[in-house]
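1. sequence and predicted structure, then a few things I'm wondering about:
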Amino acid sequence: MNRYSDELKARFDVELGDGEAPDDPWLRQVLTRRTQRRYDSRPVPEALVRLLLAAAFSASSKSDYQQASVIWVQNRGRRDRIAALFPDMPWIGTAPVFLVFLGDARRLDRIGELRGHREDNGTMEGFFNATVDAALALQTCILAAETVGLGTCPISVLRNKIAEVADILALPDKVFPVAGLCLGYPSQAGFISMRLPFQATVHIDTYSDSQLAEAVDGYDRRRDARHSIKDRQRDPQRFGVAEFYGWSEDKARQAAAVEGAGFAAWLAAHGFTFDEP
Ligand SMILES: Cc1cc2nc3c(=O)[nH]c(=O)nc-3n(C[C@H](O)[C@H](O)[C@H](O)COP(=O)(O)O)c2cc1C
């Protein structure tokens, strides 16, 4: 029996298929989760933030190296300086709580020094492991927050002004933001953002994207029927006005614009060689 029909329809517009699957309310909540960018004025108690951080740092960690760190930005001046860098994302300044999840490749270097086994963790391996740890902590925090009725919005746009953000947060070498996280009680219901079908994302035994075009076309149409973005075409001067403007046209246009310029150079100037270990 399929007990997740409504949730799967909302997220993918598909059925789970036959077979047993345990009925779990938390899974239903994950399937219908959504990013929230508007929050009401109700404060988030500090103890609750600490609880969410405890959940975040309970995420699994590559080799138990524990290379995630978080800055909880409490100082209004620092918060305003960050928010002022990104005026088209006002939720950075207005969310009741703002955290920044950091990849922290520095701590392992320092531990090596403390124990007298110096090593350089600015390799590709060090960067990658720290990034993954921070991302896992971020998503665990998101799910924990949503479990207790909070809304969240990750903020990777911080990396677009990395030098300014690093200065405001006094980041040392080998410590970099993976994303900020806005937290607060949502003031709106929000909406469920549909995801690509398994046909595009789940591969059995070997990788194959031979059905990508059909999968994406179908997804574009289903998503458009639910929530059309035809009146919000990106950069029509450069790309023209599309007769059918779906998710894939929007993402192809978005990806064609430069984003994150300067991040690689900033990392290279701040301790990362990206060498083989
Ligand atoms: C790593 C990461 C960075 C993100 N950065 C931003 C951001 O800078 N600004 C923003 O408004 N949303 C940001 N988002 C939210 C995504 O836009 C959102 O997750 C996506 O549109 C899917 O929507 P959903 O989470 O409601 O399913 C980010 C999400 C992730 C995972």
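-> The structure has been received and is ready for your questions. Numbers count the residues shown, from 1 in each chain.
2. all contacts plus neighbour counts: C-alpha atoms, from now on.
-> Will do.
3. which residue does the stretch 101-250 of the chain bring closest to the ligand?
-> residue 155 (3.4 Å; CA to the nearest ligand atom).
4. find the helix or strand that the closest residue to that residue other than its chain neighbours is a member of.
-> Distances taken as CA to CA, 6 or more residues apart in numbering put residue 180 closest to residue 155, at 4.5 Å, once the chain neighbours are dropped. In the assignment (DSSP states H and E), residue 180 maps to strand 175-184.
5. that older thread, quick one: neighbours of the residue of the stretch 101-250 of the chain closest to the ligand, just the number.
-> Residue 155: 20 surrounding residues under other CA atoms under 10 Å.
6. look up how far residue 63 lies from it.
-> 27 Å (CA to CA, to the nearest Å).
7. on that earlier part again, the residue of the stretch 101-250 of the chain closest to the ligand contacts residue 181, doesn't it?
-> Yes: here residue 155 reaches residue 181: they are 5.8 Å apart, a contact under CA atoms under 8 Å.
8. show me the contacts for the residue of the stretch 101-250 of the chain closest to the ligand.
-> 92, 179-182 (CA atoms under 8 Å, 6 or more residues apart in numbering).
9. so which two of these are the farthest from each other?
-> 92 and 179 (11.5 Å; CA to CA).
10. who's more crowded, the two?
-> residue 92 (28 against 22).
11. unless I'm mixing things up, the residue nearest to residue 155 is touching residue 165, no?
-> No: look at residue 180 against residue 165 with CA under 8 Å: they stay out of range, at 10.7 Å.
12. give me the phi and psi for the residue of the stretch 101-250 of the chain closest to the ligand.
-> Main-chain dihedrals, residue 155, degrees, to the nearest 10: phi -130, psi 90.
13. please apply the same query to the one 10 residues further on.
-> The main-chain torsion angles of residue 165 are listed as degrees, to the nearest 10 and equal phi -60, psi -40.
14. near residue 49, how many other residues are there?
-> 17.
15. how about residue 150, what does it touch?
-> By CA under 8 Å, 6+ apart, the neighbours of residue 150 are 183-186.
16. where along this protein do the helices fall?
-> 5-11, 25-31, 46-56, 76-85, 91-94, 106-114, 124-147, 162-168, 198-201, 212-226, 236-239, 247-256, 263-269 (DSSP state H).
17. mind putting those in CSV, mean pLDDT and distance to residue 37 included?
-> Putting these into CSV (pLDDT from 0 to 100; distance: least, CA to CA, whole Å) gives the following:
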stretch, mean pLDDT, distance to residue 37
helix 5-11, 94, 19
helix 25-31, 96, 18
helix 46-56, 98, 18
helix 76-85, 98, 14
helix 91-94, 98, 6
helix 106-114, 97, 32
helix 124-147, 98, 13
helix 162-168, 98, 21
helix 198-201, 95, 27
helix 212-226, 97, 20
helix 236-239, 97, 26
helix 247-256, 97, 20
helix 263-269, 97, 25
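18. JSON lines for these, including distance to the ligand?
-> As requested, the helices of the chain are exported to JSON lines (distance: least, CA to the nearest ligand atom, whole Å):
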{"stretch": "helix 5-11", "distance to the ligand": "9"}
{"stretch": "helix 25-31", "distance to the ligand": "9"}
{"stretch": "helix 46-56", "distance to the ligand": "15"}
{"stretch": "helix 76-85", "distance to the ligand": "11"}
{"stretch": "helix 91-94", "distance to the ligand": "8"}
{"stretch": "helix 106-114", "distance to the ligand": "21"}
{"stretch": "helix 124-147", "distance to the ligand": "7"}
{"stretch": "helix 162-168", "distance to the ligand": "13"}
{"stretch": "helix 198-201", "distance to the ligand": "15"}
{"stretch": "helix 212-226", "distance to the ligand": "13"}
{"stretch": "helix 236-239", "distance to the ligand": "21"}
{"stretch": "helix 247-256", "distance to the ligand": "11"}
{"stretch": "helix 263-269", "distance to the ligand": "15"}
